[in-house]
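[1] only geometry, no sequence info:
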């Protein structure tokens, strides 16, 4: 079984210098973001486009970050986002306006939210609630999609406030994961390629089943490019609803968990206030350690799911497996800057 040799095939141990992956926004870029935000005061964040949120000074850096996502290692981190100079609502606009240069925000849940607050509101992570609403460990997974008609390409997280302890982000290359399994356990690859039913965590439309109608491949290829969809919790919850999950299926899932947990495989990063992390959800898995808030402040990040109509990895076939048959891809005024 051939391995994949491209820029997305990396290991955490490849990054010897802490934060060597970070691209810093300059003070001039921060000023430009604040000014662009003031110019769209009162606008709904999800309506912002590069045309109404121009960033000529920042544009070259954003182009480099987009290359990181599309043809590079599959992730990027910007530092120095001016969160302390913005109200919460303006921070939402600034975040969405900057990200509009990479794509447009899609719906993330059954409530129709296009931006969610990743902060503790006391909910336990389960088949009925999302992990971003509590403080528990989130195992390695890819995000979405459980019924939304639009395609998820990138997951973005803007850090507004950190925890007192814990809450470390970690990411792992799905390409390196694929290569490791192909080299060491090719007998389990058919189960991963065949895929698993996923639980929709209550986000399925009325009249539809709580689990995906089709098996979702962990690894699949479109236009000769790897796509990964993995969320073991959703797969296990689907099995409790009656979905097939054989001993071999579980062995393959356990292997994925074991590989990403190997020392040096994943890359851990301590997101600081003003850091903006964006990952290509087709080729990067991510996780978060549990955390504890301080008495006078709470960990708070803003999450966007972005669709890039010009992405190399189209993901259409994978998303259609999640979406109900009557779904339609929505029109959008978004155009690349």
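    Looks like it came in fine. Everything numeric here is computed off the predicted structure, so don't read it as measured data. Numbers count the residues shown, from 1 in each chain.
[2] quick one, helices of the stretch 51-200 of the chain?
    Ranges of helices in the stretch 51-200 of the chain, per DSSP state H, counting those that start in this stretch, are 59-70, 88-99, 174-184, 189-194.
[3] Tell me which of these lies nearest to residue 248.
    When those are compared by C-beta to C-beta, helix 189-194 sits nearest residue 248, at 5.3 Å. C-beta coordinates here come from the backbone N, C-alpha and C atoms, glycine included.
[4] Following the chain onward from that closest one, which element is next?
    Note on helix 189-194: by DSSP states H and E, the next helix or strand toward the C-terminus is strand 219-222.
[5] How about that following strand, which residues are buried there?
    219-220 (16 or more other C-beta atoms under 10 Å).
[6] cool, and stretch 238-255?
    Going by neighbour count (16+ other C-beta under 10 Å), the buried part of stretch 238-255 is 238-239, 243, 245, 249, 252-253, 255.
[7] returning to that earlier point: redo the helices of the stretch 51-200 of the chain as CSV? Include mean neighbour count.
    Listed next are the helices of the stretch 51-200 of the chain as CSV, based on neighbours: other C-beta atoms under 10 Å:
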stretch, mean neighbour count
helix 59-70, 18
helix 88-99, 22
helix 174-184, 20
helix 189-194, 16
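[8] what bits of the chain have low per-residue confidence?
    Along the chain, segments meeting pLDDT under 70 span 123-132, 145-149, 202-208, 315-337.
[9] Report the distance from stretch 76-88 to the chain centre.
    On the basis of C-alpha atoms, centre = their mean, to the nearest Å, stretch 76-88 sits 19 Å off its chain's mean C-alpha point.
[10] Residue 73: neighbouring residues, count only.
    24 (other C-beta atoms under 10 Å).
[11] ugh, wrong one, residue 313
    The local packing of residue 313 (other C-beta under 10 Å) involves 22 other residues.
[12] How about residue 112?
    A count of nearby residues for residue 112, using other C-beta under 10 Å, gives 8.
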